[in-house]
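# Here's my sequence, what's the structure:
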Amino acid sequence: MLRSPFETPQERVDTSPPVADEVKQTTCYMCACRCGINVYLKDGKIRYLEGNADHPVNKGVLCAKGSAGIMQHTSPARLSKPLLRVGERGRGEFKEIEWEEALALAVDWLGTVRRKDPRKLAFFTGRDQSQSLTGWWAAQFGTPNFAAHGGFCSVNMAAAGLYTIGGSFWEFGEPDWEHTRYFMMFGVAEDHDSNPIKAGLGRLKTLGQAKFVSINPVKTGYSAIADEWIGLRPGTDGLFVMALIHELLRAEKVDWAFLGRYTNATWLVIDDPGAEDDGLFVRNSEGAALCWDAKRGAAVPASDVSAQAAVVGRCVLPDGRGAVPSFELLARRYLDPDYAPEAVAERVDIAADTIKRIAAELAEAAFEKEVVLDIPWTDWAGRRHDKMVGRPVSMHAMRGISAHSNGFHTCRAIHLLQVLLGSIDCPGGFGYKAPFPKLIPPGPTPAGKEVAPERPIAGMPLGFPLGPDDLLVDEAGEPLRIDKAYSWDFPLAAHGLMHMVIHNAWAGDPYPVDVLMMYMANMGWNSSMNVQGTLGYLTDKDPVTGDYKIPKVIYSDAYYSEMVPYADLVLPDTTYLERWDCISLLDRPISSAHGPGDAIRQPVCKPDRDVRPFQDVLIDLGGRLGLPGFTEEDGSARYPGGYPDYIANHERSPGIGPLAGWRGAEGTQQGTGTPNPDQLQRYIENGCFWSHKLEPSQLYFKHSNQSYLAYAKKMGWIPVEEPITMQLYSEILQKFRLAARGHGAVQPPESERARIEAYFDPLPIWYPPFEEAAVADDGYDLHAITQRPMHMYHSWGSQNAWLRQITARNRLFVHPETAKRHGIEDEDWVWVISHHGRVKGQVRLMHGVNPNTVWTWNAIGKRRGAWALDQDAPESNRGFLLNHIISELLPAREGGTRYSNSDPVTGQAAWYDLRVRLERCEPAAEALTEPFMEPVKPLPSTAAGSPPVLRYGADLKSPTVPQSDDHLPAKEWIGNRHEVSRTVDGVADGRGNQTAGTGGSERSAKGVA
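The predicted structure follows:
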C-alpha cells in the first residue's frame, strides 16, 4: 500500500498502560489544607497523586499544588547528607558528614547549653505542623525560648479570637457554607485553606442564595469572583468594621437575645476612676460576674437565667460605687460621630454610602433572612429549644488583617461585629472547629519564669496570660525571653516573635544566646523582615574575640533554601512523602464545624538520600541529652521507634495523646484512652485520618450547647461543662491598663506605661499603622503589600518544576491612575523605596487594586544559587522580594530606642504596614532586579549543577514516545498571558517575549524546569 508523502508513521499508543502496582494513602503537605491524597506507586516510585475521595477535608479534590507534590518530592534542591560548615558562615561552604558525627556535635553543643543556662538555646520552628512536639521538647530541655511561625503570620487573628469568642478564623472555624446568606471575607490570600474555601465558594455560587463580599486592597483569586469587591486602603479594615457597627447600633439592628444569653454584654463594669479595680467586672464573693436585674433592682450573678438583665444604665452598688453594663460602654464608643461612615470614608477609601449599604445588607441578611432548622437542642442551663435559629451572616479572615500593627484590635472588631449580629456558631454563621470553642482564653499561661540547668520549665513555653502577673519579666520588668514575648513590649504574644529572635540574639538584647536551632524557617530570605540586615546579624563577629555574635546555628530543612548557607550544622529532613507526621488535635487538626478530625502522614516511599525526618532526629536528641519525658528511669530511650513510637504512645496528660482516634488497648475509644499499639495501623486502614460527625443537636451553639459541652469535656477539650461566655469587653486587657496606671504588684517600666494605656483598651480601637504614622509625611505616599498565589505556598512552591511553569517571576502591580501620577507605564522598571531601603522590579498595570496601594506576589523571588535553581533563573534575576525594604524595627522614637515593627499587644509582625514611593528607573538600569546579591555556592552533592532539563516519569513512558530538549528562553517565561506562548520560529512580540505557537511540558532548569 502506497503511503502519502505527507503522512507520518503511525504512533502506537498504549491506551491502557499500567498506572501503578501499589496505591498508598497519606496527607498532602503542599499547603496548610492537609488534604487526603492517594499516592500511586510503580516499581517503588511515585507515579501519580490524586485526592482521596473519602477524606473529610478535600473529598477527592486536589489542587495544582497538591498534584505538583511529585516535583517537590523529586526536587534537585533536596538536601542529601548532614553538612558541617567549613568556610565562613553564609558562603555555603560545607563538607558532608555522617549522621553519628552530626548528632554527636548537636548533643555536645546543646548539652553544654543545658548544663549552664538553658535559656541560651533559642529553638524556633517554621511551618512544621508538629508544634505540640517541638514545644514540648523545648519545655523538657528547659528553655522558654521557643516559638513557631505564627508570630509573623496570624497571631493577631488567633489571639484576638481566643480572647474574644474562644475560637477564631482559619483553622479554628469556618463559614456555614450551606446556610449562609451573606459572606464577608477579609484579607484572605488564596494560598491558605484553598481547597475548602474554593469548594465553599463554589457551593455559594451554585446555590445562588448568598452574597459574597470581599474586603481586600487587591482583587485577585477569591476577590475576583466576589459579588462585590471592597478595595479598601490597607490597615483600615478595623475602621471600616467600626463604621458598620456604628450603623447597626444607630438602627438598633443587633441580636439582643444573643447578647444577653451568650456574651458579657450585661456584666457590670466598675466605674470608679482612679481606683485599683476601675474598669473590672463587679463580682460576688465567689468570683462570679454580676449583672443588674431590672426586675429586682439588684446586682445578681450574670448566670442567673431568671434575671431581667439590663444592657444600659448606670447603677449604684451597695458600697456606693457606680457601675454600668459593658454594652453601654460599647454603645457609647461606636455611636460616637467619629465612627460614622462620613467620618471614616476618606481614610478607608470607601464611599460613605457604600458603608451604609453594606451595614443595611448585613442587617437584612441577619434579621430578615434568618435560618430556622427543625432540630431541638438544650442549652447549658437546661432550657430546651424546639428549633435552631440562625443569623445567616458568615465571615472569614486571615493574614491581610492580621499582619498590621493594629491587627489585634481589627480582628477583635470583626468578632464584635459577628457577635452583635448573633452570627457565632449558629445556622448560616461562623462555626467553631473542634477542639474549639475553649475557655476564654484557653490556657495555660506561658512558662519560663524559673529556668535552671538540666531542669524542664514548669509548663509549655507558649500560652495565654490572664494579666500582668503572668508575664515573663524579671523584677525590673525586663524580658525573660530572647524575643521579648510576654514582656511589657508584647504582653499577649501567644505565638512568640520569630521575626525578632535573630536580631535580638545578635544584639544580646535582653541577653545573648549560644545556640540558635531552627527548623523549616527560611529566615535567610522570605521569612525575615530586613533580609540583608538579618544575614548581617548571622555573620557578624565580635571585634575583640573574632567569634560570631550568634555562636552556633543548627538548621534542619528538606531543601537548599537561602537559610542553609548560614548554618553551622545542617540536619537534612525528608520530604513529606517519606516520613510520619501527626496532624493533631493538640496542634493543627483537620476538624470541621461538623465534627473533630485528625490525621497522619505515613512514609509512602523510602528516601534515596542519607536524610532523616526532623521529628525522629529531635526525639533522638532528646534521648541522647537525657531530657525528662524522652528517657526512662534507667536512661534508655522512651521512644526508640522515633516519631511513630511517640505518636502512638506519648500522653500529654493521662489518656490524652497526639491522636484522638482508636484509643484504648482495643482501639474502641475516641478522644481519651490509653495508648493503642495498633493505632497507626488503624489510621492507615482508614485512609490516614480519623473523623467524627457530631449529632444534629450538637452542631450549633457549641459555646452554650449542653450536649456538646458534655462531649467536649469527655474529649478533654474543656475542663468543665460550663458555657463559654463571649468577651465583648476584655477585663484581661483592662488589667494591663490598671498596671500602667500604677496598680498591682507587677507594673510596667515608666517608659512603657503610656504605650500599655493606649493599646490595651478593653474594647476594640483603631489607630493608624505605626510605620504609616511615622513616615507617611516623608513622601512615602503608597502602601505596599504582598499576596500569595493560589498555586504557591510560602517559598516552597517557587522551586517546584511544575508550579514554576505557572509563575516564575513577579511584577509590581500598580493601578493605572497611580502609574500615570508617577509617570510610569506598563512594563517599566521602578525602584520601590521605603524608609529602610529600596528594591527594583518591573511594573504591570491592573485596575483591581486600591489606587493608594501597590502589590506583588511574595516568595517568588529567590537568591541566586539557592533551591538548586540555575543562576539565570527568572526567579533570581527578575523576581524581587519586598522583604528587603521592610524593617524589623520601627523608626527611632524619642530617646533613640526603636520598637519592633509589630503589633503592641501580640507582637505580630507588621508586614503589611510598609509605606513606599516609586521612582522610574533609567533605561540603563533595567533588566535585572536589585539588590542583586552574590550567589550562594552549590552543595557538594550538586556541585556539578542541576540537570538542564527536568523530566518526570520519562522512565514510565512507552519507549515510542519521543523526547525533546526544546524549551522556552529562560528569562521570558512568566506563566501568564502572552509570555507563555511562542511561534514556531520564535518571533518576539516587541516586548522581548516569545509569542504564539506551541510549547512543551518540559522546561529548562534555567527557566521552569
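
# which helices and strands sit right next to the strand or helix carrying Ile732?
Using DSSP states H and E, Ile732 sits in helix 731-740. For helix 731-740, the contact count by 3 or more CB pairs under 8 Å, 6 or more residues apart in numbering; DSSP states H and E identifies helix 750-759 as packing neighbours. For glycine as for every other residue, the C-beta is placed from the backbone atoms N, C-alpha and C.

# Show me what secondary structure element comes after the helix it packs on.
Downstream of helix 750-759, the first helix or strand assigned by DSSP H and E is helix 770-775.

# how about that next one: buried residues?
Across helix 770-775, burial judged by 16 or more other CB atoms under 10 Å covers 770-772, 774-775.

# any idea how far Glu100 is from the residue nearest to Pro234 when sequence neighbours are not counted?
Beyond its immediate neighbours in the sequence, the residue positioned closest to Pro234 (CB to CB, 6 or more residues apart in numbering) is His783, lying 4.3 Å away. Counting by CB to CB, to the nearest Å, the gap from His783 to Glu100 is 52 Å.

# neighbour count winner among those two?
His783 (24 against 9; other CB atoms under 10 Å).

# Wait, that one touches Val854, no?
Yes: assessed by CB atoms under 8 Å, His783 is found in contact with Val854 at 7.4 Å.

# can you list residues touching both of those two?
Val916 (CB atoms under 8 Å, 6 or more residues apart in numbering).

# The residue nearest to Pro234 bridge partners, please.
With DSSP bridges as the criterion, His783 is bridged to Thr853, Arg915.

# what sits against it?
Here His783 is in contact with 217, 233-235, 772, 850, 852-854, 912, 914-916 (CB under 8 Å, 6+ apart).

# neighbours of the residue nearest to Ala521 when sequence neighbours are not counted, just the number please.
Nearest in space to Ala521, with sequence neighbours left out and distances taken as CB to CB, 6+ apart, is Gly126 at 3.6 Å. Gly126 has 23 neighbours, counted by other CB under 10 Å.

# Likewise for Asn810?
Close neighbours of Asn810, defined as other CB under 10 Å, add up to 29.

# likewise Asp386?
A count of nearby residues for Asp386, using other CB under 10 Å, gives 10.

# how close does it get to Tyr262?
18 Å.

# Could I get the full set of strands for the stretch 751-900 of the chain?
Counting by DSSP state E, counting those that start in this stretch, the stretch 751-900 of the chain has strands at residues 782-787, 812-814, 829-833, 838-845, 853-857.

# mind giving me a markdown table with those strands and columns for mean pLDDT and distance to Glu96?
Below are those laid out as a markdown table (pLDDT from 0 to 100; distance: least, CB to CB, whole Å):
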| stretch | mean pLDDT | distance to Glu96 |
| --- | --- | --- |
| strand 782-787 | 96 | 36 |
| strand 812-814 | 98 | 40 |
| strand 829-833 | 97 | 40 |
| strand 838-845 | 97 | 35 |
| strand 853-857 | 97 | 35 |
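
# Let me know which of those is the nearest to Gln908.
Evaluated over those, closeness to Gln908 peaks at strand 782-787, with 14.8 Å, by CB to CB.

# gap between the two ends of stretch 764-776?
This stretch, stretch 764-776, spans 24 Å end to end (CA to CA, to the nearest Å).

# what about that stretch, average pLDDT?
Mean pLDDT, stretch 764-776: 95.

# do the same with stretch 643-652
Stretch 643-652 shows a mean pLDDT of 97.

# mind saving the C-alpha coords of that stretch as PDB?
Extracted C-alpha coordinates of stretch 643-652, given in PDB (Å, rounded to 0.1, in the frame of the first residue of the first chain):
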ATOM      1  CA  TYR A 643       8.300   9.700  65.900                       C
ATOM      2  CA  PRO A 644       5.700   6.900  65.100                       C
ATOM      3  CA  ASP A 645       6.500   5.500  68.500                       C
ATOM      4  CA  TYR A 646       5.900   8.900  70.100                       C
ATOM      5  CA  ILE A 647       2.700   9.500  68.200                       C
ATOM      6  CA  ALA A 648       1.200   6.200  69.400                       C
ATOM      7  CA  ASN A 649       2.500   6.100  73.000                       C
ATOM      8  CA  HIS A 650       3.000   9.700  74.200                       C
ATOM      9  CA  GLU A 651       0.500  11.100  76.700                       C
ATOM     10  CA  ARG A 652       0.400  14.800  77.300                       C
END
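
# contact partners of it?
Stretch 643-652 is contacted from outside by 132-133, 136, 579-582, 586, 600, 613, 615-616, 619, 639, 657-659, 675-677, 679-680, using CB under 8 Å, 6+ apart.

# of these, buried ones?
Buried among the contacts of stretch 643-652 by 16+ other CB under 10 Å: 132-133, 136, 579-582, 586, 600, 613, 615-616, 619, 639, 657-659, 675-676, 679-680.

# Tell me which of these fall in strands.
Using DSSP state E, 581-582, 600 are the members of the buried ones among the contacts of stretch 643-652 that sit in strands.

# which of these lies closest to Arg34?
Closest to Arg34, out of all of those and judged by CB to CB, is Asp581, at 9.3 Å.
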